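Student: Return a 3D structure for these sequence lines:
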Amino acid sequence: MDRIITIPIDASLDGKSIKHVLRNEVQVSAAILTQLKKEENGILLSGEPAFVTRKVQAGDVLQATIRDGVSKIEPREVPLEILYEDEDVIAVNKPRNMPTHPSQNHHGDTLANGLMEYFRGQNFTFRAITRLDKDTSGVVLVAKNPLSGAILVEEMKEGRIRKEYLAVTNGAPIPERGEISAPIRRREGSMVLRCVAPEGKTALTEYETISRGESLALVRLRPFTGRTHQLRVHLGHLGTPIFGDDMYGAPQTGEPTRLHCEKVSFRHPISREEIMVEAPIPLDMEELTEKNHFPHFPGGK
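Tutor: Have a look, this model is predicted:
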């Protein structure tokens, strides 16, 4: 979406170039700065068009208008549960069995299709900062404009966007809490499956068993790296695969994988405020733990 950034110039910025202010105060990337220079009235200083080399003075007001395009993803009516939204980001509770992006077999039933419909008539490019597998429910963070997208992508690369998951597992990990440091690589002969292997990429997950039933456990997971299928591979590696995840050892063939992204914490790309978004625990996980006689389930009945 288009975004107008307004920066009052105070004494600390007096004498700095517009380029310096945009790059250092707002973290405008080189690519966005180049686009701003091409836009008519993309950069205004106290209401007048200005070059990026111009020096600002205390009392000036710098304004940058960052334009967005429109994704070619088709808008479709898809149920959306909005958890958080402001000018720069939107967080959605993605249900289980909904893909995040369109793919060969999913063209109109994805989270991306739903958000394109939600923002119909506006310049909007779908930029998922966090992604979830089709069978995984929970928080998905999406940037609403090129600036917030570029900043949050860097935050993600630096590991500053933190995620917490809940999983129902077959049995409880031993010990009940700890870290799984096990490198992951693609399994030979498969384009999809991953496995733990010494020559794989570093992968680290912190886990904690928070409740146990007759044969299942509820485990909180905090990934510190973002490898494909990391949580599923790591729990399978421990011998406690996620309920329904028969790709990594669960016996429940045909059941959906009970994995839920409960929380995403991030620093706001513009205000720099710390924000935490939470998604309620899905009904299918509550019902499963009730059947398995869990003594305690966070958020349950």
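
Student: since we're on the residue lying closest to residue 138 once chain neighbours are set aside, how many residues are nearby?
Tutor: Counting by Cβ to Cβ, 6 or more residues apart in numbering, residue 261 is the residue found nearest to residue 138 once chain neighbours are left out, at 2.9 Å. C-beta coordinates here come from the backbone N, C-alpha and C atoms, glycine included. Residue 261 has 25 neighbours, counted by other Cβ atoms under 10 Å.

Student: Phi, psi for residue 261 please.
Tutor: phi -80, psi 100 (degrees, to the nearest 10).

Student: Adjust the sequence numbering to begin at 44 for everything that follows.
Tutor: Renumbered: residue one is now 44, and that last one reads residue 304.

Student: bridging residues for it?
Tutor: Per DSSP bridges, the residues bridged to residue 304 are residue 181, residue 208.

Student: What's the local residue count around the residue nearest to residue 76 when sequence neighbours are not counted?
Tutor: With sequence-adjacent residues excluded and distances taken as Cβ to Cβ, 6+ apart, residue 76 is closest to residue 65, at 6.2 Å. Residue 65 sits with 22 neighbouring residues when counted by other Cβ under 10 Å.

Student: looking at this, residue 65 is in a helix?
Tutor: Yes: under DSSP: H, G, I helix; E, B strand; the rest coil, residue 65 sits within a helix.

Student: Show me where the chain has its helices.
Tutor: 61-68, 73-81, 154-161, 189-200, 273-281, 326-334 (DSSP state H).

Student: what's the third one packed up against?
Tutor: In terms of contacts (3 or more Cβ pairs under 8 Å, 6 or more residues apart in numbering; DSSP states H and E), helix 154-161 is packed against strand 132-137.

Student: partners of the strand it packs on, with directions?
Tutor: strand 125-128 (antiparallel), strand 180-186 (antiparallel).

Student: Looking at these, which is nearest to residue 158?
Tutor: strand 180-186 (6.5 Å; Cβ to Cβ).

Student: Now that closest one: buried residues?
Tutor: For strand 180-186, burial by neighbour count (16 or more other Cβ atoms under 10 Å) applies to 180, 181, 182, 183, 184, 185, 186.

Student: Is it possible to get JSON lines of the residues you listed that adds pLDDT and distance to residue 297?
Tutor: Formatted as JSON lines, these follow (pLDDT from 0 to 100; distance: Cβ to Cβ, whole Å):
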{"residue": "180", "pLDDT": "98", "distance to residue 297": "18"}
{"residue": "181", "pLDDT": "98", "distance to residue 297": "22"}
{"residue": "182", "pLDDT": "98", "distance to residue 297": "26"}
{"residue": "183", "pLDDT": "98", "distance to residue 297": "25"}
{"residue": "184", "pLDDT": "98", "distance to residue 297": "31"}
{"residue": "185", "pLDDT": "98", "distance to residue 297": "31"}
{"residue": "186", "pLDDT": "98", "distance to residue 297": "36"}
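
Student: one step back: settle this for me: the residue nearest to residue 181 is touching residue 184, isn't it.
Tutor: No: Residue 304 lies out of contact with residue 184 (Cβ atoms under 8 Å); the separation is 9.7 Å.

Student: joint contacts of these two?
Tutor: Taking Cβ atoms under 8 Å, 6 or more residues apart in numbering as the criterion, residue 304 and residue 184 both touch residue 173.

Student: All the strands of the stretch 94-243 of the chain, residue numbers only.
Tutor: Ranges of strands within the stretch 94-243 of the chain are 104-109, 125-128, 132-137, 170-171, 180-186, 205-213, 220-224, 227-229, 237-239, based on DSSP state E, counting those that start in this stretch.

Student: then the second one to CSV, C-alphas only?
Tutor: Pointing back at strand 125-128 there. Provided in CSV are the C-alpha atoms of strand 125-128 (Å, rounded to 0.1, in the frame of the first residue of the first chain):
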residue,chain,number,x,y,z
ILE,A,125,-7.5,-10.0,11.9
LEU,A,126,-5.4,-10.0,15.1
TYR,A,127,-3.6,-6.7,14.6
GLU,A,128,-3.5,-4.0,12.0
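
Student: Show the average pLDDT along that strand.
Tutor: What strand 125-128 shows for mean pLDDT is 98.

Student: ok so, going back, just send the helices of the chain back as JSON lines, with mean pLDDT too.
Tutor: Formatted as JSON lines, the helices of the chain follow (pLDDT from 0 to 100):
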{"stretch": "helix 61-68", "mean pLDDT": "97"}
{"stretch": "helix 73-81", "mean pLDDT": "95"}
{"stretch": "helix 154-161", "mean pLDDT": "98"}
{"stretch": "helix 189-200", "mean pLDDT": "97"}
{"stretch": "helix 273-281", "mean pLDDT": "98"}
{"stretch": "helix 326-334", "mean pLDDT": "93"}
